[in-house]
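Trainee: below: sequence and its predicted model.
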Amino acid sequence: MSLDAAQTPAQAETQADDYRKRTLIDGLYRRYSQALRKFLVRRHVRHDDMADIVQETYYRVLKAGDLDAIRDPKAFLFRVAYNVVLNAAKHRRSKVEDDGVDIESIQADDEKPNLYRELKAEQELAMVRAALDELAPTCREVFVLNRFENLSYSEIAAELDLSVSMIEKHVSQALAHLRKRLSGANLGRRNLHRLKSP
């Protein structure tokens with residue numbers, strides 16, 4: 001690790017902290033990588049998904065905040081891996097559901113309704129993006145991680161170093177703001193769950 005002489009003390013401290021975290025992650029990897037892979041096999045993780053799950057697990061542990069405060073690093077590592085597996089399964093399920101065809105939405109040889117729906121969807125998306133841009137940065141990030149990245153409150157709390165109750169507060173604030181801003185645009189609650197990431 002080399003510290004640049006032109007760095008501020010805060011930058012040097014951040015760089016030193018990052019180096020310490022990477023060193024801890026490297027130690028966790030060396031010590032538990034085989035056990036983690038066996039754990040994932042028991043969780044029926046496919047061989048071609050294994051590397052991605054392992055990489056995402058260590059990335060999330062790295063971003064978890066104060067690693068020194070973790071009492072049982074092995075248990076924490078395996079819990080994070082379990083959550084990554086759950087999120088991957090949830091993502092696969094939602095992708096399968098999104099790929100389904102709604103028979104009632106198919107129009108026969110009439111382009112105008114499709115163009116109208118497309119234009120309306122673009123306008124609604126623009127309104128949603130504008131409403132999201134009005135949120136405080138942390139509130140917006142928490143909402144996007146929860147609703148679009150499918151992370152649980154506890155995973156977001158660990159990633160952003162916030163309490164779970166603060167995550168709940170941010171999501172509630174974001175939903176209330178979006179409902180308020182979009183209610184006049186005929187975008188009701190039932191459409192909020194279908195929002196895509198801006």
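Mentor: Ah, there it is. Numbers count the residues shown, from 1 in each chain.

Trainee: tell me the contacts of H177?
Mentor: Residues in contact with H177 (Cβ atoms under 8 Å, 6 or more residues apart in numbering) are 131, 134-135. C-betas here are computed from N, CA, C, even on glycine.

Trainee: filter those down to the buried ones.
Mentor: For the contacts of H177, a neighbour count by 16 or more other Cβ atoms under 10 Å gives the buried set as 131, 135.

Trainee: out of the contacts of H177, who's nearest G65?
Mentor: When the contacts of H177 are ranked by distance to G65 (Cβ to Cβ), L135 comes first, at 22.6 Å.

Trainee: what about that closest one, is that helix, strand or coil?
Mentor: coil (DSSP: H, G, I helix; E, B strand; the rest coil).

Trainee: just confirm it contacts L175, I think it does.
Mentor: No: the criterion here is Cβ atoms under 8 Å, and L135 misses it with L175 at 10.6 Å.

Trainee: which residues are in contact with both of the two?
Mentor: With Cβ under 8 Å, 6+ apart, L135 and L175 have common neighbours F143.

Trainee: so which bits of the longest helix along the chain are buried?
Mentor: In the chain, taking DSSP state H as the definition, the longest helix is helix 9-42. Using 16+ other Cβ under 10 Å as the test for burial, helix 9-42 gives 21, 24-25, 28, 32, 36-37, 39-40.

Trainee: quick check: which ranges of the chain have low pLDDT?
Mentor: 1-5, 95-113, 184-198 (pLDDT under 70).

Trainee: strands of that one, residue ranges please.
Mentor: Taking DSSP state E as the test, none of the chain falls into strands.

Trainee: what residues go with each domain of it?
Mentor: 10-97, 111-192 (automatic domain parsing).

Trainee: re earlier: can you add distance to F148 and give the buried residues of helix 9-42 back as a markdown table?
Mentor: Shown next, in a markdown table, are the buried residues of helix 9-42 (distance: Cβ to Cβ, whole Å):
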| residue | distance to F148 |
| --- | --- |
| K21 | 26 |
| L24 | 30 |
| I25 | 26 |
| L28 | 29 |
| Y32 | 31 |
| L36 | 27 |
| R37 | 29 |
| F39 | 28 |
| L40 | 25 |
